[in-house]
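**Q** Below are the sequence and a predicted model for it; my questions follow.
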Amino acid sequence: MQRISTTVRLNRSTLQFEEAAYQRLEGYLAEAVRTLEGNPDQAEILADLEQAVADQCASRLRPDQGVVTLVELQPALDEIGSVQVPGAAAEAQHASREGARPLQQVSEGALISGVCQGFARYFRIDVTLLRAIAVLLLFVSGGGMILVYLVLMLLLPYAPRQPGGPRVRWLPAKLRELVESLRTRLSAATS
C-alpha cells in the first residue's frame, strides 16, 4: 500500500499534498518553529505563515488539479521566503555588506535569467560592464559562452525576491519558473 496524498490543514485552509510536497512543507514549517523558538508571537506568526503557504499553493493550482505537488509548493515557499527573527535581518544585511555574499541569480533587473545580475552583485561591479564582457566572450568562444550561461543558469540558486521590489520582466520570470520546476522534479526523482 502506498499513500498517494495527505490532507493538511494550514490555519483556515485544507489542502491535499502529494507525499514529496508534504515532506518539504513539514521541513519548512519545522525550520520556522526552530527559528521562532522563544518568540512570544510564535503561534500567531506560524498561523500567518501557514495561511500564506495555503494561499500561495491554492493560487498555483490549476482548476482541474486537486493535489499540491512540489511544482506548486516550492515556488510558493521561495516567494514567501524563510522565517527571519526580527533584528536578525539587519545583522544579515550588515554581514553581507562585510563580505559574506552568496553567489545567486537575481531576477530583478535581469534580461535573461539573472546570471549576470548575480555576478555583478557578487563582485560589486556594474552589470552593464559584465554583460558587455559576456557578449565579447560569446564571440571569442564561438558560441561556447551560451553553454556556460545555461549551466550557470541551472546551477546557481535564485536570490529571494524582494517584497515590493522592482517588477521582474517576462523572460526572467518564465525562466525562473522553468528552472525551479526542473530542480523540483529532479529533487523529487532523486529522493
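**A** Received the coordinates, thanks. Numbers count the residues shown, from 1 in each chain.

**Q** outside of the helix ranked longest in the chain, which residues touch it?
**A** In terms of residue count, the longest helix belonging to the chain (DSSP state H) is helix 170-190. Residues from elsewhere that reach helix 170-190 (CB atoms under 8 Å, 6 or more residues apart in numbering): 20, 70-71, 74-75, 78, 105, 107, 110-114, 153-154, 158, 168. Glycine gets a C-beta too; all of them are placed from N, C-alpha and C.

**Q** Using CSV, write out every CA atom in it.
**A** The C-alpha trace of helix 170-190 is given here as CSV (Å, rounded to 0.1, in the frame of the first residue of the first chain):
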residue,chain,number,x,y,z
TRP,A,170,8.6,38.4,-18.6
LEU,A,171,11.5,36.3,-19.8
PRO,A,172,13.4,36.1,-16.5
ALA,A,173,10.2,35.3,-14.6
LYS,A,174,9.3,32.4,-17.1
LEU,A,175,12.9,31.1,-17.0
ARG,A,176,12.9,31.2,-13.2
GLU,A,177,9.7,29.2,-13.1
LEU,A,178,11.1,26.7,-15.6
VAL,A,179,14.4,26.2,-13.8
GLU,A,180,12.7,25.9,-10.4
SER,A,181,10.3,23.4,-11.9
LEU,A,182,13.2,21.4,-13.3
ARG,A,183,15.0,21.5,-9.9
THR,A,184,11.9,20.3,-8.1
ARG,A,185,11.3,17.5,-10.5
LEU,A,186,15.0,16.4,-10.3
SER,A,187,14.9,16.5,-6.5
ALA,A,188,11.7,14.5,-6.4
ALA,A,189,13.1,12.0,-8.8
THR,A,190,16.3,11.5,-6.8
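
**Q** Work out for me the element the residue most central in space within the chain sits within.
**A** With distances taken as CA atoms, centre = their mean, the residue of the chain nearest its centroid is Asp78 (3.3 Å). Assessed by DSSP states H and E, Asp78 sits inside helix 70-80.
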